[in-house]
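Undergrad: Sequence first, then the predicted structure:
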Amino acid sequence: MQVLRSIWDFFQNQILAMKWLNELLGGALGALGLDITNRWVGSLQFFLYDVIKITVLLCSLIFLISYIQSFFPPERSKKILGRFHGVGANIIAALLGTVTPFCSCSSIPLFIGFTSAGLPVGVTFSFLISSPMVDLGSLVLLMSIFGAKVAVVYVVFGLIIAVIGGTIIEKLRMERYVESFILSAGSVDIESPDLTIKDRLTYAKEQMLSTFKKVFPYVLIGVGIGAVIHNWIPEAWVVTVLGNKNPFGVVLATLIGVPMYADIFGTIPIAEALFTKGALLGSVLSFMMAVTTLSLPSMIMLRKAVKPKLLALFIAICTVGIILVGYLFNLLQTILV
């Protein structure tokens, strides 16, 4: 058992977290005559370490998930979802969301396609909630920062929000608040071609390059903000606003995250920096969930597909769910970290 524990610790600390890279960068900066205890040098080390680490994980994850995704094109996903009914359909839709695009703006076109194909609106909303919030990329990235227990519980809670949210929308019969052009569009079933391994590898490579080009600017911004928080913001400030001194830290973090636009790769370095400065676990994870699920650009895009009443219900369900999960994480922090 001890051997397995050692292997797992090595995998988490040296493969996922790449702590060796941070030590290597610190040694290299020191060899150049720079004082790594200096704030500016510390900021540079944080920036280089996180950019390199996240880029490696980003490209690896996108390639792997895109390869898996090649087995689940929209046409096949529609057929899979069409076989299930009730809460079971919501669960399958939420699980399918874990192997789809990395941000809500990319998930919305799939949501529209599924709804146009006649799938229940509650089922398609379960997919829409889980897709940006709990994809496989978030699982691995969270493991690299907070450990396996936090990552797994985060994904489980995210799936629960997706299933409950979709079920509520279904029970309230909110399909009448979907824009009519989507409901009347229908769909054309086109048989997906059988892909060879080479085709799937080519697809995964193209998706990796395309997603990387779109995501990398947000990574740079997120890491830059994280470096400032890590080296320049006093710990007392963070503890006062998002730590145990503020019982409303989760609510504040969620409300701050809602209007922002980034994906999991851009929010991870900010969450990491806030956590190391004393922010509670639930507050930083609520911030991440809010940014990835309820960003302002994605809500503007979603408004073109649904009417204000349904959009408001979707935002309310996600916001309340994220806040409740945040407080649960705060209660479980001593067990999980």
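TA: Yep, that arrived.
Undergrad: Every contact and neighbour count from this point should use C-alpha atoms.
TA: Noted.
Undergrad: The biggest helix by length in the chain packs against which elements?
TA: Longest helix of the chain, by residue count under DSSP state H: helix 197-232. Contact here means 3 or more Cα pairs under 8 Å, 6 or more residues apart in numbering; DSSP states H and E; on that basis helix 197-232 packs against helix 39-69, helix 264-276.
Undergrad: Can you lay out these as TSV showing distance to G147 and mean pLDDT?
TA: As requested, these are exported to TSV (distance: least, Cα to Cα, whole Å; pLDDT from 0 to 100):
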stretch	distance to G147	mean pLDDT
helix 39-69	15	89
helix 264-276	12	87
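Undergrad: What count of nearby residues applies to the spatially closest residue to K245 that is not a sequence neighbour?
TA: In space, and not counting its chain neighbours, K245 is closest to V239: 6.5 Å by Cα to Cα, 6 or more residues apart in numbering. V239 has 19 neighbouring residues, counting by other Cα atoms under 10 Å.
Undergrad: thinking V239 is in contact with T276, fair?
TA: No: the criterion here is Cα atoms under 8 Å, and V239 misses it with T276 at 10.3 Å.
Undergrad: sorry, back to before: among the helices and strands packed on helix 197-232, which comes closest to S116?
TA: Among these, helix 39-69 comes nearest to S116, with 21.0 Å by Cα to Cα.
Undergrad: Flag the shaky bits of the stretch 151-300 of the chain, pLDDT-wise.
TA: Counting by pLDDT under 70, the stretch 151-300 of the chain has low-confidence residues at 183, 185-193, 261-262.
Undergrad: where's M288 relative to I160, distance?
TA: 16 Å (Cα to Cα, to the nearest Å).
Undergrad: Same drill for those two, tell me which one is more crowded.
TA: M288 (27 against 19).
Undergrad: hang on, the earlier thing: columns mean neighbour count and distance to V228 on top of the helices and strands packed on helix 197-232, output as TSV?
TA: Converted to TSV, the helices and strands packed on helix 197-232 look like this (neighbours: other Cα atoms under 10 Å; distance: least, Cα to Cα, whole Å):
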stretch	mean neighbour count	distance to V228
helix 39-69	20	7
helix 264-276	24	9
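Undergrad: Just put those in TSV and tack on distance to Y327.
TA: Below are these laid out as TSV (distance: least, Cα to Cα, whole Å):
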stretch	distance to Y327
helix 39-69	28
helix 264-276	15
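Undergrad: quick one: which of those helices is nearest L294?
TA: Closest approach to L294 among the helices and strands packed on helix 197-232 (Cα to Cα): helix 264-276, 12.5 Å.
Undergrad: Report the angle between that closest one and helix 197-232.
TA: 30 degrees (axes from the mean of the first three to the mean of the last three Cα atoms, to 10 degrees).
Undergrad: and helix 264-276, how far from the chain's centre?
TA: How far helix 264-276 lies from its chain's middle: 12 Å, per Cα atoms, centre = their mean, to the nearest Å.
Undergrad: Next: stretch 85-105.
TA: Its chain's C-alpha centre and that of stretch 85-105 lie 13 Å apart, by Cα atoms, centre = their mean.
Undergrad: give me the element the residue nearest to K245 is part of.
TA: Here V239, judged by DSSP states H and E, is contained in helix 235-242.
Undergrad: which residues touch whatever helix or strand comes next after that helix?
TA: As assigned by DSSP H and E, the chain's next helix or strand after helix 235-242 is helix 249-257. Applying Cα atoms under 8 Å, 6 or more residues apart in numbering, the contact partners of helix 249-257 are 241-243, 282-284, 286-291, 294-295, 319, 322-323, 326-327.
Undergrad: now do 7 Å
TA: 241-243, 282-284, 286-287, 290-291, 323, 326-327 (Cα atoms under 7 Å, 6 or more residues apart in numbering).
Undergrad: that older thread, what residues are up against the residue nearest to K245?
TA: When contacts are counted by Cα under 7 Å, 6+ apart, V239 touches K245, G278, A279.
Undergrad: Can you tell me the closest non-neighbouring residue to T211?
TA: Using Cα to Cα, 6+ apart, the nearest residue to T211 is I62, at 7.6 Å.
Undergrad: so that neighbour makes contact with S210?
TA: No: I62 is not in contact with S210 according to Cα atoms under 7 Å; the separation is 9.9 Å.
Undergrad: related to what we said a few turns ago, arrange the contacts of helix 249-257 in CSV, one row each, with distance to R83, neighbour count and secondary structure as further columns.
TA: Listed next are those as CSV, based on distance: Cα to Cα, whole Å; neighbours: other Cα atoms under 10 Å; DSSP: H, G, I helix; E, B strand; the rest coil:
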residue, distance to R83, neighbour count, secondary structure
V241, 47, 20, helix
L242, 44, 27, helix
G243, 46, 26, coil
G282, 36, 29, helix
S283, 38, 30, helix
V284, 37, 29, helix
S286, 33, 30, helix
F287, 35, 27, helix
A290, 31, 26, helix
V291, 32, 29, helix
I323, 33, 26, helix
G326, 34, 28, helix
Y327, 36, 21, helix
